[in-house]
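J.: Sequence and predicted structure below; questions after.
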Amino acid sequence: MLRVEAITVVFGGVIALSEVSFAVKKGDILGLIGPNGAGKTTLMRVITGTVTPVHGTVRLENMSLQGKPPHERIRCGIGMSQQIVRPFRSMTVLDNVAFVAGYAKTANPLRTIFKYSRTKEVEKALEILQLLGIEEVAGAMPANLPLGYLKRLEVARALALEPKILLLDEPLAGLNQLEARRLADKLVELNQLGHAILLIEHNLSEVIRICNRLVVIDNGSKIGEGLPHKVMHDPAVRSAYLGEGYHAASG
């Protein structure tokens, strides 16, 4: 579904990512984890096209995304939710999702002039809100909603693009334990409906619970990959999370 091949990124002579490779398969919820500053967000930006690597390629269903700007990658099938949610504050929750659902119409300005009806987009938006369990706030303004609803709205807007793969950047950040578990359960439901998911998340308990595979990066390099419980027992991964003194203490 998505293949990241030998990605290397350098900022001002500092190596931010070094030869990072992995693949997201159909049916995956792949967790991309690592300590703060490991390079996770930089890698997401490489995938979405806002950061250009000095080496390596990103492929979506065997199609190279090299040279494509972010908006073209989105149209190729990449949907992303941001860690910091930024809905259109002047639109209702429903309109936020319906607006994104109409991306095919707005791609061509001339065609848009002759498209007055948005019935299909509204119906689609309602279905997505129901899927994420927030249809009861369809008419609400985002400014009046708590973070838990806004996080689901961010995922809903990504789904409205009908992506081949969802990239989710810390969707559980800032949520309490109950809210985080509920949203994580919704991600599992989306996955069961056929959505491949690449998930960056610091909530390790939920990551281990819902992901079928993990990729771990630290200091810009991949240090682990595989089944969640096996990866989290890897000495290199535990050392990255628990500190340099882990080996001495465990020895």
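T.: Okay, I see it. Numbers count the residues shown, from 1 in each chain.
J.: Pull out the buried positions in stretch 140-147.
T.: Met141, Pro142, Leu145 (16 or more other Cβ atoms under 10 Å). Placement of C-beta: from N, CA and C, glycine included.
J.: List just the nearest of those residues to Leu60.
T.: Pro142 (30.0 Å; Cβ to Cβ).
J.: Next, work out how far apart the closest one and Asn96 are.
T.: From Pro142 across to Asn96, the span is 7 Å (Cβ to Cβ, to the nearest Å).
J.: Need the residues touching each of the two.
T.: Taking Cβ atoms under 8 Å, 6 or more residues apart in numbering as the contact rule, Pro142 and Asn96 both touch Pro87, Phe88, Leu153.
J.: so what's Glu170 up against?
T.: Neighbouring residues of Glu170 by Cβ under 8 Å, 6+ apart: Gln83, Ile200, Glu201, His202.
J.: returning to what we had before: kindly reformat the shared contacts of Pro142 and Asn96 as CSV containing pLDDT and secondary structure.
T.: Formatted as CSV, these follow (pLDDT from 0 to 100; DSSP: H, G, I helix; E, B strand; the rest coil):
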residue, pLDDT, secondary structure
Pro87, 89, coil
Phe88, 88, coil
Leu153, 96, helix
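J.: Taking those, please make a PyMOL selection of just the buried ones.
T.: Here is the PyMOL command that selects only those of the shared contacts of Pro142 and Asn96 that count as buried (16+ other Cβ under 10 Å):
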select buried, resi 87+153
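J.: Which of the shared contacts of Pro142 and Asn96 sits closest to Arg59?
T.: Of all the shared contacts of Pro142 and Asn96, Leu153 has the smallest distance to Arg59: 30.1 Å, by Cβ to Cβ.
J.: how close does that closest one get to Val10?
T.: Distance, Leu153 to Val10, by Cβ to Cβ: 36 Å.
J.: got it, and Leu17?
T.: 8 Å.
J.: wait, Phe22 sits on Gly226?
T.: No: here Phe22 lies out of contact with Gly226, judged by Cβ atoms under 8 Å, at a distance of 10.7 Å.
J.: out of those two, which sits in the more crowded spot?
T.: Neighbour count, other Cβ atoms under 10 Å: between Phe22 and Gly226, Phe22 has more, with 19 against 13.
J.: list the contacts for the closest residue to that one other than its chain neighbours?
T.: With sequence-adjacent residues excluded and distances taken as Cβ to Cβ, 6 or more residues apart in numbering, Phe22 is closest to Val215, at 4.7 Å. Contacts for Val215 (Cβ under 8 Å, 6+ apart) come out as Phe22, Leu30, Gly31, Leu32, Ile33, Lys222, Gly224, Glu225.
J.: Would you double-check that Val215 falls in a helix?
T.: No: Val215 is assigned strand when assessed by DSSP: H, G, I helix; E, B strand; the rest coil, not a helix.
J.: and it, what are its bridge partners?
T.: Beta-bridge pairing for Val215 (DSSP bridges): Leu32, Glu225.
J.: ok, now how distant is it from Ile29?
T.: Distance from Val215 to Ile29, counting by Cβ to Cβ: 12 Å.
J.: mind listing the strands for the stretch 151-251 of the chain?
T.: Here the stretch 151-251 of the chain has its strands, by DSSP state E, counting those that start in this stretch, at 165-169, 196-200, 213-218, 221-226.
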